[in-house]
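Novice: Coordinates only, no sequence provided:
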């Protein structure tokens with residue numbers, strides 16, 4: 001039970017002017033400036049308040065009513081939101097790292113693209129003391145629905161703790177998350193990264209785990225009856241072979257083929273290759289590589305040359321593609337969730353007099369990808385998902401959306 005819950009229950013509902021004044025004092029507090037004061041509004045009624053982008057880090061919002069609040073892009077790092085009502089709140093792209101969300105109601109809240117690394121989302125209740133009736137439980141209506149309908153698509157939940165899981169965690173980062181004993185039947189975890197997550201005793205029956213990353217996850221300790229694990233990524237093999245040939249040797253031969261303009265070596269053409277055993281491919285010269293539906297998950301691909309490559313449907317989630325040369329590459333339907341494409345070359349590749357091959361990222365998922373300073377002149381992005389992608393300074397002139 002938080003300390004504030006032991007005090008006499010005296011809710012405060014500030015006026016718009018008083019709220020803005022308190023936020024300004026909180027800004028000074030965060031900056032360490034004279035006269036600053038931490039924002040403390042426990043149990044206040046702030047339903048439907050509009051504070052997009054506000055910095056409420058470390059604020060005490062215990063039991064505060066924030067249903068329907070517009071908090072997109074707000075900073076709530078290490079904020080105390082114990083028992084808060086956040087139903088239908090807009091928290092897209094908000095920063096809730098290490099926030100205390102125990103017992104918070106998030107029914108219908110939208111946290112797509114938000115970061116909640118290390119936050120506590122376990123169950124909790126608040127007992128309040130009022131002068132009339134002594135202690136009573138704070139109750140904002142229907143209980144037990146705190147996370148059941150929250151949308152956390154693409155959210156960063158690394159190290160978060162759950163007792164109940166949200167309904168939609170597609171493409172979320174759940175690295176090292178703790179879901180021990182969590183109620184998560186029929187949950188949507190398609191494309192989620194559960195590397196190292198603790199799912200002991202969790203109910204994942206009927207869950208959709210298509211393309212989920214399950215490295216270092218003990219599914220044997222969870223209930224997974226009727227779960228869909230199609231395309232899920234387990235730990236990579238120690239060595240990858242293609243037609244009885246070691247992948248390392250095939251890559252060396254392909255690079256020799258590129259360097260000699262076909263005079264030596266051999267081009268690598270194979271579908272569904274798991275490149276993860278290579279671990280690092282920075283600065284390698286692999287133009288024209290033809291490996292559709294292959295896996296490059298979280299790989300170091302800085303500065304790699306992949307001009308004109310056919311990498312349709314490949315998994316580049318979390319990969320480091322800074323300064324990579326992807327001119328003219330076929331990347332249709334590729335998975336680039338949280339990939340780092342800063343400074344990548346995504347423009348057209350000249351293949352002859354007045355002939356150019358455009359980079360094609362149609363239908364690619366670029367959720368939360370970093371495209372800052374990328375050079376994407378005329379890149380094809382038809383039906384691509386760019387939710388939460390950072391594009392500051394990117395050259396996307398004449399890009400085809």
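Specialist: Perfect, thanks for sending it. Please read these numbers as outputs of a predicted model, since none were measured by experiment.
Novice: CA atoms for contacts and neighbours, from now on please.
Specialist: Fine.
Novice: Surely residue 112 is in a strand?
Specialist: No. Counting by DSSP: H, G, I helix; E, B strand; the rest coil, residue 112 is not found in a strand; it is coil.
Novice: Just confirm it contacts residue 95, I think it does.
Specialist: No. Counting by C-alpha atoms under 8 Å, residue 112 stays clear of residue 95, with 11.1 Å between them.
Novice: Can you pull the poorly scored residue ranges out of the stretch 1-150 of the chain?
Specialist: The model of the stretch 1-150 of the chain has pLDDT under 70 over residues 1-11, 124-146, 148.
Novice: do that again at 80, thanks
Specialist: Low-confidence regions of the stretch 1-150 of the chain, defined by pLDDT under 80, span residues 1-12, 123-149.
Novice: quick one: the helices in it?
Specialist: Taking DSSP state H, counting those that start in this stretch to define them, one finds helices in the stretch 1-150 of the chain at 16-31.
Novice: just so I have it, where are all the strands in the stretch 1-150 of the chain?
Specialist: For the stretch 1-150 of the chain, the strands defined by DSSP state E, counting those that start in this stretch cover 120-121, 127-130, 134-137.
Novice: same check, this time on the stretch 151-300 of the chain
Specialist: 161-162, 241-242, 245-246.
Novice: Just say which of these is most tucked in.
Specialist: Each of these was scored by mean neighbour count; the highest is strand 161-162, a mean of 23, by mean count of other C-alpha atoms under 10 Å.
Novice: Give me the contacts around that one.
Specialist: Contact with strand 161-162 is made by 118, 119, 120, 121, 122, 123, 177, 178, 179, 180, 182, as judged by C-alpha atoms under 8 Å, 6 or more residues apart in numbering.
Novice: Quickly note the distance from the third one to residue 396.
Specialist: Same thing as residue 120. Residue 120 sits 39 Å away from residue 396, taking C-alpha to C-alpha, to the nearest Å as the criterion.
Novice: Comparing those two, which residue is more hemmed in?
Specialist: Neighbour tally, residue 120 and residue 396, criterion other C-alpha atoms under 10 Å: the higher count belongs to residue 120, 24 against 19.
Novice: what sits opposite the more buried one in the beta ladder?
Specialist: Here residue 120 sits in beta bridges with residue 100, residue 161, as judged by DSSP bridges.
Novice: rewinding a little: could you dump the strands of the stretch 151-300 of the chain to CSV with mean pLDDT and distance to residue 102?
Specialist: As requested, these are arranged in CSV below (pLDDT from 0 to 100; distance: least, C-alpha to C-alpha, whole Å):
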stretch, mean pLDDT, distance to residue 102
strand 161-162, 88, 9
strand 241-242, 93, 47
strand 245-246, 94, 50
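Novice: Same list (these) but as JSON lines, adding distance to residue 22.
Specialist: As requested, these are exported to JSON lines (distance: least, C-alpha to C-alpha, whole Å):
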{"stretch": "strand 161-162", "distance to residue 22": "31"}
{"stretch": "strand 241-242", "distance to residue 22": "62"}
{"stretch": "strand 245-246", "distance to residue 22": "64"}
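Novice: Of all those, which one comes closest to residue 336?
Specialist: Judged by C-alpha to C-alpha, the one of these that comes nearest to residue 336 is strand 241-242, at 24.4 Å.
Novice: Looking at the contacts of strand 161-162, spot the one nearest residue 164.
Specialist: Using C-alpha to C-alpha, those come closest to residue 164 at residue 182, 5.0 Å.
Novice: Near that closest one, how many residues? Count them for me, please.
Specialist: For residue 182, the neighbour count with other C-alpha under 10 Å is 20.
Novice: try residue 252
Specialist: Using other C-alpha under 10 Å, residue 252 has 18 neighbouring residues.
Novice: Equivalent analysis for residue 351, please.
Specialist: For residue 351, the neighbour count with other C-alpha under 10 Å is 11.
Novice: got it, and residue 153?
Specialist: Around residue 153 there are 27 other residues, counting by other C-alpha under 10 Å.
Novice: That one is in contact with residue 173, isn't it?
Specialist: No. The pair residue 153 / residue 173 is not scored as a contact, 9.4 Å apart, by C-alpha under 8 Å.
Novice: how much space between residue 239 and residue 216?
Specialist: Counting by C-alpha to C-alpha - residue 239 and residue 216 are separated by 18 Å.
Novice: distance of residue 234 from residue 31?
Specialist: Using C-alpha to C-alpha, residue 234 is found at 45 Å from residue 31.
Novice: what about those two, which has more around it?
Specialist: More neighbours surround residue 234 than the other of residue 234 and residue 31, with 14 against 10 (other C-alpha under 10 Å).
Novice: so who does that one touch?
Specialist: Residues in contact with residue 234, defined by C-alpha under 8 Å, 6+ apart, are 213, 214, 215, 216.
Novice: Tell me how far it lies from residue 338.
Specialist: With distances taken as C-alpha to C-alpha, residue 234 is found 19 Å from residue 338.
Novice: Common neighbours of residue 153 and residue 173, please.
Specialist: Residues touching both residue 153 and residue 173 by C-alpha under 8 Å, 6+ apart: none at all.
Novice: Would you map the helices across the stretch 201-350 of the chain?
Specialist: For the stretch 201-350 of the chain, applying DSSP H, counting those that start in this stretch gives helices covering 247-259.
Novice: Below-threshold pLDDT in it: ranges please.
Specialist: Along the stretch 201-350 of the chain, the model assigns pLDDT under 80 to residues 279.
Novice: run the last query once more with 90
Specialist: Residues of the stretch 201-350 of the chain that meet the criterion pLDDT under 90 lie in 237-238, 279-280.
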